[in-house]
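[1] Pasting the sequence and the predicted model now:
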Amino acid sequence: MSRPRVVMTVGDPGGIGPEILWSILQPGDIQEMAEVTVLGPARTVPSVPQGIHWEDVDLPDLRFHRRPHPDNGRVSLLALEEACRRVQGGESDLLVTGPVSKEAIRRCGIPFSGHTEYLGQMFSVKPYMVFLTGSMPVALLSTHLPFKDIPASITREALETFIRGLALAWHRQLNVRPRFRVAGLNPHAGEGGLLGREEREAIEPAIEALIAEGIEVEGPVPADSLFLRLGDPDTIAVALYHDQGMIPAKMMSQGHAVNCTLGLPFLRTAPDHGPAFDIAGSGTADPESLRRAVVEGLDLLKRRR
């Protein structure tokens, strides 16, 4: 049986992406599990690991910097564009993206807000970001909103649309129907309206409507209890804002969460960290989140067969 084909991007060439990539791709378990192609500048690593096909996507006249710089951004984006061409051409079963600097790419004149949004635009789909933690998948209703704007963002329509879309994407790509546990916004999930009305006015009606459609949803669950009863890999915790979901996700994964994008015509995973310019080249970067991004992605591929 042929090994799955994995395309990986180096990420920002001045960050930790090249060194952690080089570390995990030495001959061993990942090479045994998959056929790996890397896209990015080969000059960022000591040598191309034996058994890896490395496509030297580069602009050799540019210098790379240990900070957000447009030269880094140009090469990061070039590799990402090539990755899109390859997955669109059916040359890959899984895309694993290395950490990039949003600022570096924006300084090239590209309104880049992240891989997830970029891939959604490239393939004209609504992408869904789910964090795989090793215990319970975590999805965020909203991501980078100022705290003062969060309550207004939690509407019945927004929650229904989000869970309905994620349920469809999960089923299409993983061939199983997921279950959802939805967090409350207020202490004790509003305590019947005594501690806030978002649960009664938006969250509860959305959940009732989704259940009527045949989607298995529980909640609103008090946020301080949401992660105490860990479910199976197809029970998704829905957090209403960034820190409500990301603090427990990072704790459950011990800092090694995997960012998985669903809703694309292919599977995409990534480590849940940035380019970490401050430690790049020091030899102290932890490659485990990137390694898990590959392994978790390959496990997802197995599940949908």
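    That came through fine. Residues are numbered from 1 along each chain as shown.
[2] which residue ranges form the strands in the chain?
    Using DSSP state E, the strands of the chain run over residues 5-9, 35-40, 53-56, 94-96, 128-132, 138-140, 179-183, 216-221, 235-239, 258-262, 267-271.
[3] Save the ones you listed as CSV, and put in distance to residue 81 and mean neighbour count too.
    (Glycine included, C-beta is placed from N, CA and C.) What follows is the strands of the chain, written out as CSV (distance: least, C-beta to C-beta, whole Å; neighbours: other C-beta atoms under 10 Å):
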stretch, distance to residue 81, mean neighbour count
strand 5-9, 10, 25
strand 35-40, 9, 23
strand 53-56, 12, 15
strand 94-96, 12, 25
strand 128-132, 21, 24
strand 138-140, 27, 24
strand 179-183, 35, 23
strand 216-221, 38, 20
strand 235-239, 31, 24
strand 258-262, 17, 24
strand 267-271, 15, 26
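[4] Which one of the ones you listed lies nearest to residue 86?
    Closest to residue 86 of the strands of the chain is strand 5-9 (C-beta to C-beta; 5.4 Å).
[5] sorry, back to before: could you dump the strands of the chain to JSON lines with mean pLDDT and distance to residue 249?
    Supplementary listing: the strands of the chain in JSON lines, determined by pLDDT from 0 to 100; distance: least, C-beta to C-beta, whole Å:
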{"stretch": "strand 5-9", "mean pLDDT": "98", "distance to residue 249": "23"}
{"stretch": "strand 35-40", "mean pLDDT": "98", "distance to residue 249": "27"}
{"stretch": "strand 53-56", "mean pLDDT": "98", "distance to residue 249": "32"}
{"stretch": "strand 94-96", "mean pLDDT": "98", "distance to residue 249": "19"}
{"stretch": "strand 128-132", "mean pLDDT": "95", "distance to residue 249": "5"}
{"stretch": "strand 138-140", "mean pLDDT": "96", "distance to residue 249": "4"}
{"stretch": "strand 179-183", "mean pLDDT": "97", "distance to residue 249": "12"}
{"stretch": "strand 216-221", "mean pLDDT": "96", "distance to residue 249": "16"}
{"stretch": "strand 235-239", "mean pLDDT": "96", "distance to residue 249": "8"}
{"stretch": "strand 258-262", "mean pLDDT": "96", "distance to residue 249": "10"}
{"stretch": "strand 267-271", "mean pLDDT": "97", "distance to residue 249": "13"}
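[6] What residues does the closest residue in space to residue 132 that isn't next to it in sequence make contact with?
    Among residues not flanking residue 132 along the chain, residue 258 sits closest, at 4.3 Å (C-beta to C-beta, 6 or more residues apart in numbering). Residues counted as contacts of residue 258 (C-beta atoms under 8 Å, 6 or more residues apart in numbering) are 131, 132, 133, 269, 270, 271, 272, 289, 292, 293, 296, 297.
[7] Could you check how far stretch 189-204 is from the centre of its chain?
    Offset of stretch 189-204 from its chain centre (C-alpha atoms, centre = their mean, to the nearest Å): 30 Å.
[8] Oh, that last question was meant for stretch 115-131, not what I typed.
    With C-alpha atoms, centre = their mean as the basis, the mean position of stretch 115-131 lies at 10 Å from the chain mean.
[9] Export it to CSV, keeping only CA atoms.
    Extracted C-alpha coordinates of stretch 115-131, given in CSV (Å, rounded to 0.1, in the frame of the first residue of the first chain):
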residue,chain,number,x,y,z
HIS,A,115,-3.1,30.6,6.9
THR,A,116,-6.8,29.7,7.6
GLU,A,117,-8.2,32.9,6.0
TYR,A,118,-5.8,32.8,3.1
LEU,A,119,-6.6,29.2,2.2
GLY,A,120,-10.3,29.9,2.5
GLN,A,121,-10.0,32.8,0.0
MET,A,122,-7.8,30.8,-2.4
PHE,A,123,-10.3,27.9,-2.6
SER,A,124,-13.4,30.0,-2.2
VAL,A,125,-14.7,28.1,0.9
LYS,A,126,-15.6,28.9,4.5
PRO,A,127,-12.8,27.3,6.6
TYR,A,128,-13.2,26.0,10.1
MET,A,129,-10.3,26.0,12.6
VAL,A,130,-10.2,23.2,15.2
PHE,A,131,-7.5,22.7,17.7
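[10] related to what we said a few turns ago, can I get the strands of the chain in CSV with distance to residue 160?
    Listed next are the strands of the chain as CSV, based on distance: least, C-beta to C-beta, whole Å:
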stretch, distance to residue 160
strand 5-9, 34
strand 35-40, 38
strand 53-56, 43
strand 94-96, 29
strand 128-132, 14
strand 138-140, 14
strand 179-183, 11
strand 216-221, 10
strand 235-239, 12
strand 258-262, 18
strand 267-271, 25
